[in-house]
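Peer 1: Have a look at this prediction, sequence included:
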Amino acid sequence: MNYVTLVTVIVTTLWTQAAAPAKQAAAQPRQPKQYSIEQFLNTTSITGASFSSDESRILFSSNKTGIWNAYTMAATGGEWTPITSSTTDSTYAISFFPNDDRILITKDQGGNELNHLFVRTTAGEMRDLTPGDKLKATFFGWSGNGNAFYVQTNERDARLFDVYRYDARTYERVLFYENTDGYFPAACSDDGKWVALVKVNGTNDQDLFVWNADTKATTLISKHTGPASFNPQDFDPASANLYYTTDETGEFARLRRYNLATGQHADVEKADWDIQASEFSHHGKYRATIINRDARPQVIVYDTASGRPLQLPAVQNGGVSSLTFSRSEKKAAVYVNGDRSPNDLYVLDFPTRKFTRLTNSLNPEINADDLVDASIVRFKARDGMTVPNVLLKPQQASTTSKAPALVWVHGGPGGQTTPAYSAFMQYLVNHGYVLLGINNRGSSGYGKTFYAADDKKHGHEPLWDCVDAKKYLQSLDYVDPNRIGIIGGSYGGYMVLAALAFQPNEFVAGVDLFGVANWIRTLESIPSWWEAQRTALYQELGDPVKDRARLEEVSPLLHADLIRKPLLVLQGANDPRVLKVESDEIVAAVKKNNVPVDYIVFPDEGHGFTKKKNQVEGYAAALKFLDRYLKGTPGAR
């Protein structure tokens, strides 16, 4: 088990409750101070947490300099100590060594996702533990005693990930688990005897196996009929049970355990929503569970001896967004995130139940009162399906000062828009745009039927949800019904292009961030390390050979002559998932229609933009584009 237990969680009861749109409309309009994108991005982003061996310091990552790097700070707060100082490639902290102050970090090359694992010695030297030109390596966890650690790499076969065991003192390694059957290694027991493996069969169908390091036997432990997902969560510290989530018996995932000795399964915990994750602290004193409760995840920390949840202290500015247990189980590094506040790092002392705040991430030039809380709202799609959304209303919008609006489409396809703080979203809302973050059919978090409802229907029903989202926005009396656009990244970018091509009269303009334009090419060029999920991708999106005609029908590039509304495209040159050629070709094709197209390519980015300079340029360009084509602001470009 990896003792750095990073759990993405949000305490539901500490968030502002969802307000009905009617109540929002009735609120008195206010003219907030407007901020530049530079001011929004001067907010310091931080993520990750690992305690030093003596638990006096915390390791984390930040884009403080404009590029992500690794830092440490005292567990009581204070100045940051830079561990890395990259000016080119985003570099992320992983973990302190359990028994000394060496540090593991990871980075790729310009966003190409070919991550390597590095160790920073106590003398400050950097050593690549996974050398090679075209491999991808991922940290897989510490042994229970901290004398070894595990790493996944695809160096033997670019399609599959093997697991290597490294000696924590000498860095000598041995091939621990050779993956020849297309599994996803998911967890390793503290005693090094068991590995949990996942076999992905389809959107809502995956199997769970355990591999025994002594016998080399692989055992299926998830025999089932019909679609069901099984996801390993954690081995208990005694290496006696594997805890996993499954939706085999209903719409939502519950927590179960499998006894490795007897082969018996037993229920542990269930909720009215998906149990998203559950993990133990190092010695098993605590277990943390996350419930994805209507896009606002909730954390519950249990005392495992009594089985009772702990009463944790309240925190300001939102709720807990991640929790990392210290190895002694006396502390936890905790992130707090709210609708109007980005991640801030705290330390929770378990014996006293007190929080100590370590950071203030929001740019002090920004008054949080000028930002907005989110509401969870729903509408009925044309076929009667209920579609959930995250709504952000500008403070200056009212029935007498109607605002332009955007349908914001998440990536995935099976992602989920949540109310957690987003500098880009708050920037657009601060400048007067209503945002409706749609969780169209196919989004995660709303049951397995809803999750599978978009399979091989892309370009049709999920797109119709976006059009129905526009109609919902038009029903709000503070939205200008004639000034509604669409924006999205990755799969959301595809939805933007699909909307402009296949529903060309619905949206005034579109902003596409690295979106798929040609499904045939995208599915034929998926990264090699996605091989284990190729079958599931084909089941959901289509086989580029067997389903070629249907994929051509829903590929915007092949129907680009239908696009008549202005388009902005942002693309990373090194994107391994949506190749740059996708954006190159859609931009060229739309320009042939004499349609306004703006295009920005970032040479040092991949699938998503991690560097502040690029975020500033891209997000500012998006606002100028929208101001010109949705607001009609003269000269905005």
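Peer 2: Arrived safely, thanks for sending. Residues are numbered from 1 along each chain as shown.

Peer 1: residue boundaries of the helices in this structure?
Peer 2: 21-26, 37-41, 423-430, 448-451, 461-474, 491-502, 519-524, 534-541, 548-553, 580-591, 612-626 (DSSP state H).

Peer 1: just the ones you listed: most buried one?
Peer 2: Each of these was scored by mean neighbour count; the highest is helix 491-502, a mean of 28, by mean count of other CB atoms under 10 Å. Every C-beta, even on glycine, is put in place using the N, C-alpha and C of the backbone.

Peer 1: if we look at it, which residues are touching it?
Peer 2: Helix 491-502 has contacts (CB atoms under 8 Å, 6 or more residues apart in numbering) with 408-413, 415, 440, 458-459, 462-463, 466-467, 486-488, 506-507, 510-517, 554, 556-557, 559-560, 562-565, 567, 578, 586.

Peer 1: Which of the residues you listed fall in strands?
Peer 2: Among the contacts of helix 491-502, the members found in strands (DSSP state E) are 408, 409, 486, 487, 488, 510, 511, 512, 513, 567.

Peer 1: Next, the buried residues of stretch 177-185.
Peer 2: Within stretch 177-185, the residues scored as buried using 16 or more other CB atoms under 10 Å are 177, 179, 183, 184, 185.

Peer 1: Check these against residue 271 and report the nearest one.
Peer 2: Using CB to CB, residue 184 comes nearest to residue 271 of the buried residues of stretch 177-185, at 25.0 Å.

Peer 1: Just confirm the closest one contacts residue 196, I think it does.
Peer 2: No: counting by CB atoms under 8 Å, residue 184 does not reach residue 196; the two are 9.4 Å apart.

Peer 1: Could you report the distance from the most centrally placed residue in the chain to residue 392?
Peer 2: By CA atoms, centre = their mean, the chain has its centre lying nearest to residue 415, at 7.7 Å. Distance of residue 415 to residue 392, computed by CB to CB, to the nearest Å: 17 Å.

Peer 1: Over to residue 159?
Peer 2: 41 Å.

Peer 1: just residue 493 next, same as before
Peer 2: Distance from residue 493 to residue 392, by CB to CB: 20 Å.

Peer 1: now do residue 608
Peer 2: Here residue 608 is placed at a distance of 21 Å from residue 392 (CB to CB).

Peer 1: Could you do residue 42 as well?
Peer 2: 21 Å.

Peer 1: ok, now residue 320?
Peer 2: On the measure of CB to CB, residue 320 and residue 392 end up 22 Å apart.

Peer 1: Show me what residue 230 bridges to in the sheet.
Peer 2: Per DSSP bridges, the residues bridged to residue 230 are residue 246.

Peer 1: hang on, I meant residue 320
Peer 2: Beta-bridge partners, per DSSP bridges, of residue 320: residue 336.

Peer 1: Can you list the low-confidence ranges for the stretch 401-550 of the chain?
Peer 2: Across the stretch 401-550 of the chain, nothing is flagged by pLDDT under 70.

Peer 1: If you could redo that for the chain, that was the one I meant.
Peer 2: 1-27, 317, 633-637.

Peer 1: can you rerun that using 80?
Peer 2: 1-28, 297, 315-319, 321-322, 633-637 (pLDDT under 80).

Peer 1: which residue of it sits farthest from its center?
Peer 2: Within the chain, the residue lying farthest from the chain centre (CA atoms, centre = their mean) is residue 400, at 37.5 Å.

Peer 1: picking up where we left off before, so between residue 159 and residue 392, which is more surrounded?
Peer 2: residue 392 (25 against 15; other CB atoms under 10 Å).

Peer 1: Quick check: the more buried one touching residue 376?
Peer 2: No: Residue 392 lies out of contact with residue 376 (CB under 8 Å); the separation is 11.2 Å.

Peer 1: anything in contact with each of these two?
Peer 2: With CB under 8 Å, 6+ apart as the test, residue 392 and residue 376 reach no residue in common.

Peer 1: Any buried residues in stretch 71-85, and which?
Peer 2: For stretch 71-85, burial by neighbour count (16+ other CB under 10 Å) applies to 71, 72, 73, 75, 80, 83, 84.

Peer 1: Pull the contacting residues for the closest residue in space to the fifth one that isn't next to it in sequence.
Peer 2: Using CB to CB, 6 or more residues apart in numbering and skipping the chain neighbours, the partner closest in space to residue 80 is residue 71 (4.5 Å). Residues near residue 71 by CB under 8 Å, 6+ apart: 59, 60, 61, 62, 64, 80, 81, 82, 83, 93.

Peer 1: Farthest-apart pair in the residues you listed, please.
Peer 2: With CB to CB as the measure, no two of these lie farther apart than 59 and 64, at 14.4 Å.

Peer 1: Just want to know which of the two has more residues nearby.
Peer 2: When residue 59 and residue 64 are compared for neighbours, residue 59 comes out ahead with 26 against 17, by other CB under 10 Å.

Peer 1: Nearest spatial neighbour of that one, chain-adjacent residues omitted?
Peer 2: Closest residue in space to residue 59, ignoring its immediate chain neighbours: residue 50 at 4.3 Å, by CB to CB, 6+ apart.

Peer 1: Let me know whether that neighbour touches residue 325 as I believe.
Peer 2: No: with contact defined as CB under 8 Å, residue 50 does not reach residue 325; the gap is 10.6 Å.

Peer 1: more crowded one of the two?
Peer 2: residue 325 (29 against 26).

Peer 1: From the structure, what's the count of residues near the closest residue to residue 303 other than its chain neighbours?
Peer 2: Nearest non-adjacent residue to residue 303, counting by CB to CB, 6+ apart: residue 310, 6.1 Å away. Using other CB under 10 Å, residue 310 has 14 neighbouring residues.

Peer 1: What of the one 5 residues further on?
Peer 2: Other residues lying near residue 315 total 18 when counted by other CB under 10 Å.

Peer 1: so what's the spatially closest residue to residue 459 that is not a sequence neighbour up against?
Peer 2: Spatial nearest neighbour of residue 459, chain neighbours left out: residue 554 (2.9 Å); criterion: CB to CB, 6+ apart. Residues near residue 554 by CB under 8 Å, 6+ apart: 458, 459, 460, 498, 502, 519.

Peer 1: any idea which of the residues you listed is closest to residue 297?
Peer 2: residue 458 (26.6 Å).

Peer 1: how close does the residue nearest to residue 459 sit to residue 512?
Peer 2: To residue 512, residue 554 is 16 Å away according to CB to CB.

Peer 1: repeat for residue 85
Peer 2: 34 Å.

Peer 1: Residue 423 too?
Peer 2: 20 Å.

Peer 1: ditto for residue 444
Peer 2: The value you get for residue 444 to residue 512, if CB to CB is used, is 22 Å.

Peer 1: Likewise for residue 266?
Peer 2: In terms of CB to CB, residue 266 sits 48 Å off from residue 512.

Peer 1: more neighbours, the two?
Peer 2: Ranked by neighbour count (other CB under 10 Å), residue 266 and residue 512 place residue 512 first, with 31 against 9.

Peer 1: contacting residues around that one?
Peer 2: Taking CB under 8 Å, 6+ apart as the test, what residue 512 contacts is 488, 493, 496, 497, 567, 568, 569, 570, 583, 586.
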